[in-house]
Structure formats: C-alpha cells, structure tokens
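1. Fold the following for me, if possible:
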Amino acid sequence: MPLPDPQTINSYGGAKEQRRAVVSPIHSVSAPEHNSVVSDLAMVSRMAPRGIVRFVTGTPPTDPSVGVVHESMWGKELADKPVVTSLGANLYRVTWPTEVENELGESVTLNLRWATVSCGKKPVLNQASCEVTGPNTVDVGVFTAGGASDSSSGVIIQVMVY
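-> Okay, the predicted model is just below:
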C-alpha cells in the first residue's frame with residue numbers, strides 16, 4: 001500500500017540483485033544504489049508527517065486569515081481539508097476524510113498513528129494537547145497557562161498528524 005501508509009523495502013518490490021554491469025548511469029541504476037534509495041524512502045515513510053491543519057479557536061472554529069490552513073501528502077484541495085468542530089469549552093475535534101487518493105489515483109484508507117499540536121499566544125500564554133481518537137480524527141484541548149479557561153478564543157492552533 002503506498003503512502004500515506006508506512007512502507008518497507010518490500011513495498012517497493014524488495015531488494016534487487018546486480019546481474020550485469022550498468023551500461024549507462026544516465027538511463028540505469030545499479031542494484032546497490034536502487035536498494036539504498038528505496039531503503040531510505042521506506043524508512044522516511046515511517047516518520048514523515050502526513051498532514052497539517054491550522055485553525056483559530058472559537059465557536060465555531062475558523063480558518064486563519066494568513067498562512068497555511070491545511071496541507072497533506074494526499075493534497076491541499078477543499079476535498080482534502082479536515083473538518084474542525086467544537087466539542088465544548090476549548091475542546092475541538094479535527095476529522096480528516098476516511099479515504100484519500102494518492103498521486104497514483106489509488107484510494108487509501110486513512111489511519112493516523114499519532115499527532116502533535118502547537119499554539120500561539122493571544123494575548124496570554126496558551127497550551128494545547130492532542131490525542132488521536134480514531135483512524136482519521138484528533139481531539140485537541142486548549143488551555144491558558146493557569147488551566148482550562150474560556151478565554152482561549154482566537155488562538156491559532158496547528159495540528160500535525162503522522
């Protein structure tokens with residue numbers, strides 16, 4: 001299964017054997033070189049961020065007026081954009097599509113593994129925490145430095161999923 005799922009070298013056809021010399025390095029790749037590149041690619045796929053979304057806290061949450069709103073391995077079109085909903089005071093749920101389409105046009109079921117969150121301050125220091133709560137959902141809590149507070153409206157939150 002291609003990205004956004006993690007890969008192994010076997011996902012790319014396994015390690016290759018060099019059966020004859022490379023005649024033209026412009027048109028061919030040696031087996032050891034191919035194996036090295038594919039191995040590196042597979043390793044990176046395990047740790048690469050799958051997507052990012054930014055939103056402004058409030059009821060309802062909104063898109064920030066500047067900067068990236070959302071981006072993902074599978075695209076940045078409106079259909080790829082996660083939906084952010086309010087679950088109550090300073091609690092939000094970010095829901096990505098259940099299935100996404102990769103660059104090959106193949107449908108892939110999304111399975112988020114972990115997430116990180118960061119937030120800006122406005123006008124007081126804020127903190128945020130997040131948890132992957134389903135294959136395509138992340139719940140986010142936003143708090144002022146002193147604890148939970150309804151004054152956390154208007155804070156820009158950035159969620160990155162892996």
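2. Now do the SS call for Ser39.
-> Three-state call for Ser39 (DSSP: H, G, I helix; E, B strand; the rest coil): helix.
3. Spit out the contact partners of it.
-> Counting by CB atoms under 8 Å, 6 or more residues apart in numbering, Ser39 touches Ile9. Where you see a C-beta, it was placed from the backbone N, CA and C, and this is true even at glycine.
4. do that again at 10 Å, thanks
-> Residues near Ser39 by CB atoms under 10 Å, 6 or more residues apart in numbering: Thr8, Ile9, Tyr12, Ala15.
5. among those, which are in strands?
-> Taking DSSP state E, every one of these sits outside strands.
6. Of those, grab the buried ones for ChimeraX.
-> Here is the ChimeraX command that selects the buried residues among the contacts of Ser39 (16 or more other CB atoms under 10 Å):
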select :9,12
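7. Which one of the contacts of Ser39 is nearest to Cys130?
-> Thr8 (27.8 Å; CB to CB).
8. picking that back up, in terms of distance to Tyr92, which of the contacts of Ser39 ranks first?
-> Once CB to CB is applied, the member of the contacts of Ser39 that ends up nearest Tyr92 is Thr8, at 34.4 Å.
9. who's in contact with the closest residue to that closest one other than its chain neighbours?
-> Nearest residue to Thr8, sequence neighbours excluded (CB to CB, 6 or more residues apart in numbering): Ala42, at 5.3 Å. Counting by CB under 10 Å, 6+ apart, Ala42 touches Pro6, Gln7, Thr8, Ile9, Asn10, Ser11, Tyr12.
10. Look at the first one and report its pLDDT.
-> Among the per-residue scores, Pro6 shows a pLDDT of 84.
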